[in-house]
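Visitor: using only what follows, build the 3D model:
(2 chains)
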Protein chains: 2
Amino acid sequence: MPRQDATHFCAISQMNPVIASEFHAYPLLIGKLLVNTRLTHADSEIVSAGLARYTYGDFLERVERLAAGLARLGIRRGDTVAVMNWDCHRYLECFFAVPMMGAVLHTINIRYSPEQILYTINHAEDDAILVHEDFVPLLDEISAGIVRPTRRVLIQDGPSPPEALPDGYDIEYESLLKSGDEGYAFEDFDESTIATTFYTSGTTGSPKGVFYSHRQLVLHTLGALSALSSIEHEVRLHRGDVYMPMTPLFHAHGWGMPYVATLLGLKQVYARRYDPSRLIACIVGEGATFSHCVPTILHMMLSAPEAASADLSSLKVLIGGSAMPYGLAHMAVEMGVQVFTAYGLSETCPFLTFADIRRPGPAGAGEPEIRSRLKTGKPVPLAEVRVVDEHMNDLPAGERHTGEVVVRAPWLTPGYTDNRDGSEALWQGGYLHTGDIGYLDESGSLQITDRLKDVIKSGGEWISSIALESIISRHEGIDEVAVIGIPDPRWGERPMAIAVRNDPSVDEQCIRSRVAAEVDLGKLPKWAIPDRVVFVESIDKTSVGKLDKKRLRTRYSADSE
Amino acid sequence: MPRQDATHFCAISQMNPVIASEFHAYPLLIGKLLVNTRLTHADSEIVSAGLARYTYGDFLERVERLAAGLARLGIRRGDTVAVMNWDCHRYLECFFAVPMMGAVLHTINIRYSPEQILYTINHAEDDAILVHEDFVPLLDEISAGIVRPTRRVLIQDGPSPPEALPDGYDIEYESLLKSGDEGYAFEDFDESTIATTFYTSGTTGSPKGVFYSHRQLVLHTLGALSALSSIEHEVRLHRGDVYMPMTPLFHAHGWGMPYVATLLGLKQVYARRYDPSRLIACIVGEGATFSHCVPTILHMMLSAPEAASADLSSLKVLIGGSAMPYGLAHMAVEMGVQVFTAYGLSETCPFLTFADIRRPGPAGAGEPEIRSRLKTGKPVPLAEVRVVDEHMNDLPAGERHTGEVVVRAPWLTPGYTDNRDGSEALWQGGYLHTGDIGYLDESGSLQITDRLKDVIKSGGEWISSIALESIISRHEGIDEVAVIGIPDPRWGERPMAIAVRNDPSVDEQCIRSRVAAEVDLGKLPKWAIPDRVVFVESIDKTSVGKLDKKRLRTRYSADSE
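Guide: As a prediction, the model looks like this:
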């Protein structure tokens, strides 16, 4: 690849700036996150619970071997290498080796349906797939539909090499690494080379492919690190932390945090499966102090029987993916777990904003302090956040001025793979449209109130489905609730609640009264009271555990016709 | 300027990544540090002690007016705008407005001799100079020697407009801002545009001009922020800090920290003059919590009579420029001041390494904890630090393996203005040569032992002048000491000490015995004992307050001939 130095400096001034012929222009490449790893953190540990434990020194060697092995398998710069795996040290190796050799890492969403997985494999034009043994049957099932020839590497937990390789597999992962014993000479290349791709399911149509360059991922790493470590409150991330993700690595690069943790040289712990007892065992056994997940996972973990007797008081948990209920935050703080929130999308790498919590006052915790943890928050350094009306005019601050959140940052997907219309809509007006509705408060903190697609448009007014869910979920007889808009010939849409109750005496009228009480307090307009409440055994979820309002709308809209 | 989006992504993969036509490629420009300032920190304060106090909201408006005023004065993209000023809010305005309009900010070293200042004005080809009234006589003195026509703007502390402008001045600063009331529409441009330049005096020859692009300064800001805020120990920088520099802004952009502080939206305090009583008054009166300076300034401040009665226990001070003596660190910690060190050069923007202090143990402070504050330290994220022999081979870890420190980082000067030979030497072998001698310890922490030019080469062995100075300075009868190499026909060079004593009974023999005691302990080779010790009233310093060993060598080498 051409060196950048000749054109790197734009010297339009009269002064004569000399660019030394051997000046290193320093492209922002993922490999640069490792420039000092051997020097400063060779002995830090990376742990895959029950599977492996090694040092960063070993990790660096294995990243080299993996790249060399993939090269022997025929993978070249620009090829796409997909991974179907549980979170573990091997996944982390792929996070580095694949982009560092100039290939594109495709992190397959293992919670997708087989049809969706097949769609993404074909759409991303995968040249190789690294498959954990647990997903071999799934891949076999869709194999006939894969259009391109793909190399297949078996990842397994047992001894290497395995007795036999499944049909269609070229080699097993550890054997691949052994085959790469000549190492790999990583070279610098253009920082705008695509490093990663993954898919996000929107509310309509097929999954959409987003993609990120090396430059974007390095800048995201620095931006996220700057944001999370500069927080005044003790929730902040620091160099003494032990990192353990509870967000799958296929989900927006595990929110980009494995890159941050590796840059800092933190001890890293991968739980592999996110079931509560295993997570608690890892936290206690490995001393994990910094984690991140969606509210559902945190709730599962804190409600597990093991949580009652475990000391979780060294744990800090960053919450994203959806809004954290106050009750959950209160429960966490009561148990000594430091929780706080951040906001971002698959399209934004993901970090956009974070709850910039101040140091607690001498009185310690309390409701305002807990509420400060729930804020969608302030922009990560360099991220520009605006709340605009439909003509892209800025709206004033204050919760009465909700509009769409549009953003710029150095780490946003430039578009969707092979989807011109979606890409143009995403970037209309030169800002990325998040599809979220929110407002900015007087302190410059963003508060998301709803998804643009989930907000209920009733009689020309907007009703936040999330605000209604929050009110209804505080009823002690309700375990879970979703609120959606149902087509209405007179009002356009009307709110409907779908709830899981733990007390059969809770009925539709109880729910409506609860909402009406908030209307009486002036917190909601009276047309926010749901027309209909249904009780169900469980509510449909998406592959990443969010309420599947698209499916709910389809189901209950049909009902109402 | 051309948009970058068309070429921004390097898509060599088969997949079809769509770049939306309105995708914002996000150039790394200094103006981007302000994208959220109005939103999140409009009410934070910027204070110039005794001169001005305003909000970030006012600051943003004044930055616009300054750019508009400079444009009216004829300044265009690529022009060079120099500043001769004390540190204050107006200097901070120049830090942003000048580069944001695409011009180059030249921060003149006001401690240079008039001849050196003239040299740098001509060498940088300044198109305008903003001059504080205190420096008008100095500029008058050298005015005839200025080759290019330069616009001159008077900066003054009194009411605006002044009764009369000095000869040759176009306008006064506040009037310039008033003239810019139409504002300035800052535009995006190429991130590799040069943003700043300043001069550094080497040990030989004329001052050398270094220069930095917008991209480099933004990456330096993120790198420094990531390093300083992620420290485990409470010395770390955070969003609750109040920032007050004690390093002049002409000195490597005030170590780049004003950009960091502005990005974070911290309250900022500029003391204008760095005399001890004023500094202490600012710290106490404005609640400054984070500062940085050379050891000399800290020593002056802590030794001032006002320090004894002041509460400095909220203050954190980053020390750089030269090694911090243990005694000073101990004194600071005893007074409740949290000190720690960092390392960098004018050529490196400047941050390269920082003392990555761990959280103190339950036993609290103590000598090992204080020593951990004195380390040259670990690399700032993305900075690559090597210690090499003369053939650029890496040396093993350990204090017996000293060699030259060479570095790469995304923020190093690509060369010296109009100096091809110096530029090529600086970047020989693709790494920037710091000219410093040091070693890496087993934890990956760098320790500088001397300047390459100051190390004493005696009989084929290297003797660290700094190690000798450290030993001699611990003699209670010695206030200050410099050790230099003096040409010797037999050994090449021999060490000589130049000392300031506070006790006339301290003689040459006392000093030699003190060093000999360390030789007996095996800490130094016996040829490290100085051949000659002279006592003087004061030791020559450079313009930035360091021991002027170049001048000392010239003086005493002549003696010895």
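Visitor: residue A:436 - that's part of a helix, no?
Guide: No - using DSSP: H, G, I helix; E, B strand; the rest coil, the secondary structure at residue A:436 is strand, not a helix.
Visitor: separation between it and chain B?
Guide: In this view, residue A:436 and chain B are 17 Å apart by CB to the nearest CB, to the nearest Å. In this view, the C-beta of every residue, glycine as well, is placed from N, C-alpha and C.
Visitor: now do residue A:439
Guide: On the measure of CB to the nearest CB, residue A:439 and chain B end up 12 Å apart.
Visitor: need the pLDDT of that residue.
Guide: Looking at residue A:439, its pLDDT is 95.
Visitor: and for it, the neighbour number?
Guide: Using other CB atoms under 10 Å in any protein chain shown, residue A:439 is surrounded by 21 other residues.
Visitor: could you do residue A:16 as well?
Guide: 15.
Visitor: return the residues in contact with the spatially closest residue to it that is not a sequence neighbour.
Guide: Nearest non-adjacent residue to residue A:16, counting by CB to CB, 6 or more residues apart in numbering or on different chains: residue B:418, 4.2 Å away. Contacts of residue B:418 were listed using CB atoms under 8 Å, 6 or more residues apart in numbering or on different chains, and they are A:15, A:16, A:18, B:123, B:209.
Visitor: now list the buried members of those.
Guide: Neighbour-count burial (16 or more other CB atoms under 10 Å in any protein chain shown) applied to these gives A:15, A:18, B:123, B:209.
Visitor: got a markdown table for those, with secondary structure too?
Guide: Output for the buried ones among the contacts of residue B:418, formatted as a markdown table (three-state DSSP):
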| residue | secondary structure |
| --- | --- |
| A:15 | coil |
| A:18 | coil |
| B:123 | helix |
| B:209 | strand |
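Visitor: and those residues, which is closest to residue B:326?
Guide: residue B:209 (35.9 Å; CB to CB).
Visitor: hang on, isn't that closest one packed against residue B:123?
Guide: Yes - contact criterion CB atoms under 8 Å: residue B:209 and residue B:123 qualify, at 6.0 Å.
Visitor: which neighbours do these two have in common?
Guide: By CB under 8 Å, 6+ apart, the residues touching both residue B:209 and residue B:123 are A:15, B:199, B:417, B:418.
Visitor: please report the number of neighbouring residues for residue A:213.
Guide: 27.
Visitor: and the pLDDT for the residue lying closest to it once chain neighbours are set aside?
Guide: Spatially, and ignoring its direct neighbours in sequence, residue A:213 is nearest to residue A:192 (4.8 Å; CB to CB, 6+ apart). Per-residue pLDDT puts residue A:192 at 96.
Visitor: repeat that for residue A:160.
Guide: In this model, residue A:160 carries a pLDDT of 87.
Visitor: can I assume it is in contact with residue A:171?
Guide: No - Residue A:160 lies out of contact with residue A:171 (CB under 8 Å); the separation is 10.2 Å.
Visitor: more neighbours: the two, which one.
Guide: In this view residue A:160 and residue A:171 are compared by other CB under 10 Å, and residue A:171 has more residues nearby, 19 against 13.
Visitor: and residue A:21, what element?
Guide: Taking DSSP states H and E as the definition, one finds residue A:21 inside no helix or strand.
Visitor: and it, how far from residue A:440?
Guide: Separation of residue A:21 from residue A:440 (CB to CB, to the nearest Å): 49 Å.
Visitor: and if you look at residue A:28?
Guide: When residue A:28 is compared with residue A:440 (using CB to CB), they lie 30 Å apart.
Visitor: quick revisit: ok, residue A:21 and residue A:440, which is more surrounded?
Guide: residue A:440 (26 against 15).
Visitor: now do the contacts for the more buried one.
Guide: Per CB under 8 Å, 6+ apart, neighbours of residue A:440: A:385, A:387, A:395, A:397, A:398, A:401, A:446, A:447, B:39.
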